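J.: Make a model of this:
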Amino acid sequence: MESPKINLHTDYKRVLSVMALFSLISIILNVIIGLTTNEHLTELNALLRSDYIYSVITHKSVAVDDYYQFNAGISFSVSPETKTSLNAEVLMQSEITDYTRSVYWNAESLSESGVAISKGLAKRYDMHIGDNLFSKHNVDGTIHEYSIEQLLPDVIHTRISKQNSFYSGVIIMGYDKLYVDNISHDWIAFTSKSIEDLSSDKAVSPEDIVYRDDEIASELVEIIPYVVVLSIISVIGLIIFQMFLSKGISYNFRRLMTLGFEKQSLNRAFCKLTREIGAVAILIAAVASAGIFTLLDICPIGLILLCWIVLLEFIVLWITSAVLKGRLWRR
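T.: This is a model prediction of the structure:
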């Protein structure tokens, strides 16, 4: 004969209340971590999607994936009257350079009065393709009007360093001969050439080499502490949630034990109930968090972080359920 189906009666109103509380706290924590780490996630995404080995400052164009970097700062504003400049790193395209897919955020060829801006910067200042930016020209001193011709993928800095931490995005200008002929400048190149090959041309004189792998490691170092803290809090919250469920079930569980119900059937019923309720709460939090991440335009790598948290919580859910089941039999 089949074993009778065991129903471990519990107060489902209380269970649903605590499940909702657990899901809400998880959502809030996920969103806070997503917003806090979004800049680092954005930088990490841009680095991972690029394919160069290192970036370097040179005194001559290498003709592939390099930009003019002027010693005199170039600033842009959203209107000619506005004195507040956009917090953007500004580079200028070279007239002789071939721009490849090795750099994730490379722009296509721009006109002299055209610029490309990163998507995050555009969103921050509510700008779109066809809108205008304004900049006081460092050579002739007049206000020049520039049209936004392209939106770049989301990127905060072209290179990771302590000096550029205040930037909110990147602006790339089209080639302007007046700047190049009158303002001192270097080039910033993104390349996979060996240092020896690059140094063979003495006019290039490579300086300040920054390896992409080091930049990736730097961003991971910034992100990992947040992930560790979120993981610990999520695990603790899930264990408390499961302990509450176990406490609500324990009376009926022990009553059925004394009535002689089969141990295997009781264990199966306990694990099924606690794991199903826990799994629903985890999935509700994960789906809601993913939706909020999308609405807030948090970097897609944030979804990988969410997947890690969900996987960790499911592992802890299975382990905690087994441990709590064992404790009920020892009492």
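J.: alpha carbons only for contacts and neighbour counts from here, please
T.: Fine.
J.: mind listing the helices in the stretch 151-300 of the chain by residue range?
T.: When secondary structure is read from DSSP state H, counting those that start in this stretch, the stretch 151-300 of the chain shows helices at 177-182, 195-199, 212-258, 263-295.
J.: Now the following helix or strand past the last one: buried residues?
T.: Looking back up the chat, that one is helix 263-295. With elements assigned by DSSP states H and E, the helix or strand that comes after helix 263-295 is helix 301-330. Judged by neighbour count (16 or more other Cα atoms under 10 Å), helix 301-330 contains these buried residues: 302-303, 305-306, 309-310, 313-314, 316-317, 320-322, 324-325, 328.
J.: Closest to Asp197 out of those residues?
T.: Proximity of the buried residues of helix 301-330 to Asp197 (Cα to Cα) peaks at Gly302, which lies at 38.3 Å.
J.: My understanding was that the closest one contacts Glu39; is that so?
T.: No. Using Cα atoms under 8 Å, Gly302 makes no contact with Glu39, being 10.7 Å away.
J.: Tell me which stretches of the stretch 1-150 of the chain form helices.
T.: For the stretch 1-150 of the chain, the helices defined by DSSP H, counting those that start in this stretch cover 12-49, 119-124.
J.: Mind giving me the packing neighbours of the shortest one?
T.: What it means is helix 119-124. Applying 3 or more Cα pairs under 8 Å, 6 or more residues apart in numbering; DSSP states H and E, one finds that helix 119-124 makes contact with strand 143-152, strand 169-173.
J.: List of residues touching it?
T.: Helix 119-124 is contacted from outside by 88, 128, 151-156, 168-170, using Cα atoms under 8 Å, 6 or more residues apart in numbering.
J.: Return the residues in contact with Gly73.
T.: Residues in contact with Gly73 (Cα under 8 Å, 6+ apart): none are found.
J.: repeat for the one 3 residues further on
T.: Contact criterion Cα under 8 Å, 6+ apart gives 85-86, 133-136 as the residues in contact with Phe76.
J.: From these, list just the buried residues.
T.: Buried subset of the contacts of Phe76 (neighbour count, 16+ other Cα under 10 Å): 86, 133-136.
J.: Looking at these, which one is closest to Ile298?
T.: Out of the buried ones among the contacts of Phe76, the member with the shortest distance to Ile298 (by Cα to Cα) is Leu86, at 21.0 Å.
J.: can you pull the contacts of that closest one?
T.: Counting by Cα under 8 Å, 6+ apart, Leu86 touches 75-78, 168.
J.: which one of those sits closest to Ile28?
T.: Ranked by distance to Ile28 (Cα to Cα), the contacts of Leu86 are led by Ser168 at 24.7 Å.
J.: you'd agree that closest one is up against Ala88?
T.: Yes. Counting by Cα under 8 Å, Ser168 touches Ala88, with 5.7 Å between them.
J.: Which one's more surrounded, those two?
T.: Ala88 (22 against 19; other Cα atoms under 10 Å).
J.: Out of the contacts of Leu86, which two sit at the greatest distance?
T.: Spanning the widest gap among the contacts of Leu86 are Val78 and Ser168, at 14.6 Å by Cα to Cα.
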